[in-house]
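[1] predicted coordinates and the sequence they were generated for:
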Amino acid sequence: IPENRNVNAQENLQQQADMERQNREAQEKAQEERRRQIDNERRQARLRLERMKPRVLTSNVDQLREALPHIGIERKEGDGF
């Protein structure tokens, strides 16, 4: 009977080690997935910013054109603005 206890103890230790390994692998997989998700979100945000920049610049130019007469500057044809 002591032999059975020893075998059972070894099996229990092996099962515990297997469960700990599986937990560790699951955590590592979840962390890697989260890293990929964060990288993807950053990439998407950069793309959105890049697409917004031209609109912001155009908007600023339009605002400047509208403001020029208010500060006494007359635009002329071909002034590049």
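    Great, that's in hand.
[2] C-alpha from now on. contacts and neighbour counts both.
    Will do.
[3] gap between the residue lying closest to residue 74 once chain neighbours are set aside and residue 44?
    The shortest distance from residue 74 to any non-neighbouring residue, by Cα to Cα, 6 or more residues apart in numbering, is to residue 68 (6.9 Å). Going from residue 68 to residue 44 by Cα to Cα, to the nearest Å gives 37 Å.
[4] repeat for residue 31
    20 Å.
[5] equivalent analysis for residue 22, please.
    33 Å.
[6] just for the chain, where's the confidence low?
    For the chain, applying pLDDT under 70 flags the ranges 1-3, 54-58, 79-81.
[7] can you do 50?
    The chain contains no residues with pLDDT under 50.
[8] mind listing the helices for it?
    2-67 (DSSP state H).
[9] residue 65: neighbour count?
    15 (other Cα atoms under 10 Å).
[10] and stretch 49-68, how far from the chain's centre?
    Distance, stretch centre to chain centre, for stretch 49-68: 27 Å (Cα atoms, centre = their mean, to the nearest Å).
[11] pull out the buried residues from that stretch.
    Buried residues in stretch 49-68, counted by 16 or more other Cα atoms under 10 Å: none are found.
[12] change the start of the numbering to 23 and stick with it
    From this message on, residue numbering opens at 23, which makes the last subject stretch 71-90.
[13] cool, thanks, signing off.
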